[in-house]
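Engineer: Below are the sequence and a predicted model; questions follow.
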Amino acid sequence: MIKDITAGQFFPGNSLLHRTDARFKIIILIVFLVTVLASSSTASFAAVLALTVILVALSRINVKIILRSVKPLAFILAFTAIINLFFVKGETLLWEWKFIHIYKEGIINSVMLMLRLICLVMGTSVILTYTTSPLDMTDGLERVLSPLRFIGVPVHDFSMILTIALRFIPTLVEETEKIISAQKSRGVSFDTGGLIKRVKAL
């Protein structure tokens, strides 16, 4: 699971997204996020899915790497899907057992919610973090947020902190892997036991 966390990593390349100005990519990302969250109809949602696929293709980053960014969210995706599946009511009842009722609308909501979250993660990754160097990201954020200086916001400091925090994730993952490897060499098992036991083993 640790190795599947690719958030914050930068993958050098020469794709169209890599060459695009960071300021423009930040604006594109904002528009993309709003579009994904606002999509409600089947047509608009299909357009979001198509846009996500296009962005992935434009990034020229290995699809397996991009999909790995979604894997750590599997539990959240499954949990939200189950909540929607069993608690969203509709007009078309498909199956019931005692107090459990599954509606067609609940299934549709579950699928759309999972796909929406996947699009958000994949879109954010390929538009910004995977294709933008730390220096370009800091400069882009500072320029895009520059109007906030007029109300006293320390834009430069904010941009720097945000970029450093995001780029620190790969370092944290790498150090965690080293700790796990060292503990395994001492006979500690991370493959058995509950979550609390595994955390204590660190």
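Structural biologist: Structure's in. What do you need?

Engineer: Where does the prediction get shaky in this protein?
Structural biologist: 1-8, 166-167, 169-178, 180, 183-184, 186-202 (pLDDT under 70).

Engineer: make it 80
Structural biologist: 1-9, 40, 68-74, 84-100, 158, 162-202 (pLDDT under 80).

Engineer: Next, name the residue at the spatial heart of it.
Structural biologist: V121 (2.6 Å; CA atoms, centre = their mean).

Engineer: That residue: which element?
Structural biologist: Using DSSP states H and E, V121 falls within helix 104-124.

Engineer: can you list the residues that contact the helix or strand following that helix?
Structural biologist: Note on helix 104-124: by DSSP H and E, the next helix or strand toward the C-terminus is helix 134-144. Contact partners of helix 134-144, identified using CB atoms under 8 Å, 6 or more residues apart in numbering, comprise 10, 21-23, 25-27, 128-129, 132, 155-156, 158-160, 162-164, 166-167. (Each C-beta comes from the backbone N, C-alpha and C, glycine too.)

Engineer: OK, contacts around the residue lying closest to G13 once chain neighbours are set aside?
Structural biologist: Excluding its sequence neighbours, the residue lying closest to G13 (CB to CB, 6 or more residues apart in numbering) is R60, at 5.8 Å. By CB under 8 Å, 6+ apart, the contact list for R60 reads G13, N14, S15, L17, H18.

Engineer: Filter the residues you listed down to the buried ones, ChimeraX style.
Structural biologist: Applying 16 or more other CB atoms under 10 Å to these, the buried members can be selected in ChimeraX as follows:
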select :15,17,18
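
Engineer: residues in contact with S146?
Structural biologist: Contacts of S146 (CB under 8 Å, 6+ apart): V155.

Engineer: so how far is the helix or strand encompassing I54 from its chain's centroid?
Structural biologist: Element membership of I54, judged by DSSP H and E, is helix 42-59. Centroid displacement of helix 42-59 relative to its chain, using CA atoms, centre = their mean, to the nearest Å, is 15 Å.

Engineer: tell me which strands and helices that helix is in contact with?
Structural biologist: Applying 3 or more CB pairs under 8 Å, 6 or more residues apart in numbering; DSSP states H and E, we find helix 42-59 packed against helix 16-19, helix 22-38, helix 63-68, helix 104-124.

Engineer: Can you show me the CA trace of stretch 105-120 as PDB?
Structural biologist: Written as PDB, here are the backbone C-alpha positions of stretch 105-120 (Å, rounded to 0.1, in the frame of the first residue of the first chain):
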ATOM      1  CA  GLU A 105     -31.000   5.500  -8.100                       C
ATOM      2  CA  GLY A 106     -28.700   4.300  -5.300                       C
ATOM      3  CA  ILE A 107     -26.600   2.200  -7.600                       C
ATOM      4  CA  ILE A 108     -26.300   5.100 -10.100                       C
ATOM      5  CA  ASN A 109     -25.300   7.500  -7.400                       C
ATOM      6  CA  SER A 110     -22.700   5.100  -6.100                       C
ATOM      7  CA  VAL A 111     -21.100   4.600  -9.500                       C
ATOM      8  CA  MET A 112     -21.200   8.300 -10.300                       C
ATOM      9  CA  LEU A 113     -19.700   9.200  -6.900                       C
ATOM     10  CA  MET A 114     -16.800   6.700  -7.300                       C
ATOM     11  CA  LEU A 115     -16.100   7.800 -10.800                       C
ATOM     12  CA  ARG A 116     -16.200  11.500  -9.700                       C
ATOM     13  CA  LEU A 117     -13.600  10.900  -7.000                       C
ATOM     14  CA  ILE A 118     -11.400   8.900  -9.400                       C
ATOM     15  CA  CYS A 119     -11.600  11.700 -11.900                       C
ATOM     16  CA  LEU A 120     -10.700  14.300  -9.200                       C
END
